[in-house]
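In: give me a 3D structure for the following:
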Amino acid sequence: MTQILQDTGMTVLTTLLSILALFLLTKLMGAKQVSQMTMFDYVVGITIGSAAAELATELEEPHKPLTALIVYGLVAVSISVLCCKSLKIRAAVTGRPVVLLEDGVIYRENLKKAKLDLSEFLTYCRIGGWFDLSQLQTAVFEHNGTVSFLPKEADRPATPADLNKNPSQSQVQTPLIMDGKLLSGNLRQAGKEDEWVRRRLLRQGYRNEGEVFLALWGGGEDLTVFPMEPGRKREAPGAGH
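Out: Coordinates of the predicted model:
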């Protein structure tokens, strides 16, 4: 019984150690979404995960998988730094973009290089919102496994510049109320006061911030408000009270 308790305690310690090591290595290597990973990142991630799992259950010599974790992490960071400094190393590790379609021509050899068949390529096109390939000028297979599209000039969405319009620049919306509470730090950063927010809420039919789940300010005179209770009716922005 004593041996079981000792083994259990040791397993808890090695598991906590593996979690700490994974956390530190992740912070060191930087956060990436799966879609942003290169093949090398993916392989290193799997290997580090396997080493961490081994560390969690290795009771006799936990320093061995811990050493492997540290070495893999340091190598991954070193290669990342080298990729930032050298174009040749970056191309060798991450690969190069491959043109799959250009000016009405689908390049079969490049599809083979990208390990894609026609069905997969058409799936990428549909996911990107392109159901008519004649509207595409270029399709490029990126090193992270995504496909980028350049539409033909006549088929791309119109911009305000095309219509000779000059709309004012939008700003990133700042939350001023969350979960029914005013965010004093954001209010100071926005240069607004509590009463300014409450007046804007009254104009939209809210008696106080407690009735508001989320309120966003985008630089104008009104707030984008989401009520605490779904389905609650409110007045349109700018309506007088």
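In: can you give me the end-to-end distance of stretch 145-164?
Out: 37 Å (Cα to Cα, to the nearest Å).
In: for the chain, what's the longest helix?
Out: helix 2-29 (DSSP state H).
In: find the helix or strand that Phe226 is a member of.
Out: strand 223-227 (DSSP states H and E).
In: against which helices or strands is that strand packed?
Out: When contacts are defined as 3 or more Cβ pairs under 8 Å, 6 or more residues apart in numbering; DSSP states H and E, strand 223-227 sits against helix 194-203, strand 212-217. No exception for glycine: its C-beta is placed from N, CA and C like everyone else's.
In: CA atoms of that strand as CSV?
Out: Extracted in CSV, the C-alpha atoms of strand 223-227 (Å, rounded to 0.1, in the frame of the first residue of the first chain):
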residue,chain,number,x,y,z
LEU,A,223,-22.8,52.5,-29.0
THR,A,224,-23.3,49.1,-30.4
VAL,A,225,-25.3,47.5,-27.6
PHE,A,226,-26.3,43.9,-26.9
PRO,A,227,-29.0,43.3,-24.3
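In: name the strands paired with it and say parallel or antiparallel.
Out: strand 212-217 (antiparallel) (DSSP bridges).
In: related to what we said a few turns ago, report the buried residues of the strand holding Phe226.
Out: Going by neighbour count (16 or more other Cβ atoms under 10 Å), the buried part of strand 223-227 is Leu223, Val225, Pro227.
In: just put these in JSON lines and tack on pLDDT.
Out: Putting the buried residues of strand 223-227 into JSON lines (pLDDT from 0 to 100) gives the following:
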{"residue": "Leu223", "pLDDT": "90"}
{"residue": "Val225", "pLDDT": "90"}
{"residue": "Pro227", "pLDDT": "90"}
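In: may I see those residues arranged in TSV, with distance to Leu116 as well?
Out: TSV is the format used below for the buried residues of strand 223-227 (distance: Cβ to Cβ, whole Å):
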residue	distance to Leu116
Leu223	47
Val225	46
Pro227	47
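In: just those now: which is nearest Gly210?
Out: Of all the buried residues of strand 223-227, Gly210 sits closest to Pro227, with 10.9 Å by Cβ to Cβ.
In: for the chain, which spans come out with low pLDDT?
Out: Counting by pLDDT under 70, the chain contains low-confidence ranges at 6-7, 25-42, 91, 93, 169-170, 231-241.
In: with just CA atoms, put stretch 86-102 into PDB.
Out: C-alpha atoms of stretch 86-102 as PDB (Å, rounded to 0.1, in the frame of the first residue of the first chain):
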ATOM      1  CA  SER A  86      17.900  33.300 -43.800                       C
ATOM      2  CA  LEU A  87      15.700  33.000 -46.800                       C
ATOM      3  CA  LYS A  88      17.400  29.800 -47.900                       C
ATOM      4  CA  ILE A  89      16.800  28.100 -44.600                       C
ATOM      5  CA  ARG A  90      13.200  29.400 -44.500                       C
ATOM      6  CA  ALA A  91      12.600  27.900 -48.000                       C
ATOM      7  CA  ALA A  92      14.100  24.600 -46.900                       C
ATOM      8  CA  VAL A  93      12.100  24.300 -43.700                       C
ATOM      9  CA  THR A  94       8.800  25.900 -44.600                       C
ATOM     10  CA  GLY A  95       8.800  25.300 -48.400                       C
ATOM     11  CA  ARG A  96       7.800  27.600 -51.200                       C
ATOM     12  CA  PRO A  97       4.400  28.800 -52.500                       C
ATOM     13  CA  VAL A  98       3.200  26.800 -55.500                       C
ATOM     14  CA  VAL A  99       1.100  28.300 -58.300                       C
ATOM     15  CA  LEU A 100      -1.800  25.900 -59.000                       C
ATOM     16  CA  LEU A 101      -3.800  28.000 -61.400                       C
ATOM     17  CA  GLU A 102      -2.700  30.900 -63.600                       C
END
